[in-house]
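Novice: Sharing a model prediction with you, sequence too.
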Amino acid sequence: MKNSLSNKKTYIYGVSSVALLIVLWELASVLMGSDQILPGPWTTLCATLRLFTEKGFLRVVGSTVLRGLAGFAIAAASGIILGIIGGLSDTFHAFMKPWIIVVRSTPVVAFVLLALIWLDSDTVPVFIGILTMFPMVYLNIVEGIRSVDPKIVEMASFYNVGRRRLVREVYLPSIEPFAVSGISSAVGIGWRAIVVGEVLSVPQYGIGTVMHSAQTFLQVDVLIAWTLVTILFGALFEQLVRLIDSGLNGRR
């Protein structure tokens with residue numbers, strides 16, 4: 001009963017927060033006095049719905065999604081593999097640490113500007129996505145490995161349990177929640193980084209490309225509409241990670 005009331009209150013608070021945001025948005029639009037500067041919620045909603053009916057919508061979104069999936073696959077695979085090695089080896093983690101610090105500390109825009117010199121416009125967003133997502137996955141995996149109870153490892157060593165079996169049956173189950181957390185965060189931030197990469201590199205197709213075009217021609221309603229689409233897909237990807245994790249846990 002308490003959980004039900006708590007969930008209901010949470011829902012009400014969430015809806016109230018969104019309603020307040022819309023009211024403030026409308027007031028700000030009225031004060032601006034021009035849809036060319038800040039269109040109201042209704043105008044933006046209409047613009048967003050029009051996007052879904054446009055002929056090139058799927059090609060634009062699909063191009064960005066494919067870049068996101070490519071960047072995520074490379075970042076996740078390398079982050080998990082190197083994270084396991086870093087978690088098991090202090091020497092390797094010490095070697096990786098300066099690289100991680102540099103990547104996390106450098107502004108995304110700096111990497112984009114350099115990548116524009118080195119790579120073509122279609123590859124730049126993927127490169128930026130990898131650099132953004134990899135440190136999160138790697139560090140979460142390392143933390144997961146190091147969270148394993150040393151007594152279990154000691155017991156496994158006492159019974160001569162092989163390294164591969166130890167990783168498969170002890171370490172992997174332990175790092176799963178850390179992996180899900182890291183991947184979920186990486187997907188959200190990486191998705192935004194990929195769109196930023198598209199805005200600056202302007203490939204032929206991509207959400208960032210059409211956002212750049214909308215900004216150039218002062219189509220503020222279209223710019224905000226594409227921003228809402230970006231938020232929607234970012235939220236869907238994060239939710240998908242959670243659902244996959246729930247499905248895997250349900251099979252056990």
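Specialist: Right, received. Where do you want to start? Predicted model only: the values in this text are computed from it and were never measured.
Novice: Any regions of the protein where pLDDT drops low?
Specialist: 1-7, 153, 156-161, 163, 245-252 (pLDDT under 70).
Novice: go again using 80 as the cut-off
Specialist: 1-11, 34-36, 148-177, 238, 241-252 (pLDDT under 80).
Novice: so Arg67 touches Gly206, yeah?
Specialist: Yes. The criterion here is CB atoms under 8 Å, and Arg67 meets it with Gly206 at 7.1 Å. Backbone N, C-alpha and C define where each C-beta goes, glycine included.
Novice: Which residues are in contact with each of the two?
Specialist: Residues touching both Arg67 and Gly206 (CB atoms under 8 Å, 6 or more residues apart in numbering) are 125, 198.
Novice: Which parts of the stretch 151-252 of the chain are helices?
Specialist: Applying DSSP state H, counting those that start in this stretch to the stretch 151-252 of the chain gives helices spanning 163-166, 172-201, 207-216, 220-251.
Novice: mind checking which of the ones you listed is nearest Leu139?
Specialist: Ranking the helices of the stretch 151-252 of the chain by proximity to Leu139 (CB to CB) places helix 172-201 first, at 7.1 Å.
Novice: could you check the angle helix 207-216 makes with the closest one?
Specialist: Using axes from the mean of the first three to the mean of the last three CA atoms, to 10 degrees, the inter-axis angle of helix 172-201 relative to helix 207-216 is 40 degrees.
Novice: Please identify the most buried of the helices of the stretch 151-252 of the chain.
Specialist: Burial among the helices of the stretch 151-252 of the chain, expressed as mean neighbours by mean count of other CB atoms under 10 Å, is greatest for helix 172-201, which shows a mean of 21.
Novice: Off-centre distance for that one?
Specialist: In terms of CA atoms, centre = their mean, to the nearest Å, the centre of helix 172-201 is found 4 Å from the chain centre.
Novice: what about Lys8, which helix or strand?
Specialist: Per DSSP states H and E, Lys8 falls inside helix 2-32.
Novice: following that helix, which helix or strand comes up?
Specialist: Helix 2-32 is succeeded, C-terminally, by helix 41-53 (DSSP H and E).
Novice: can you give me how far that following helix is from the chain middle?
Specialist: The answer for helix 41-53 is 24 Å, by CA atoms, centre = their mean.
Novice: Over to stretch 123-130?
Specialist: 13 Å.
Novice: buried ones in that stretch?
Specialist: 123-130 (16 or more other CB atoms under 10 Å).
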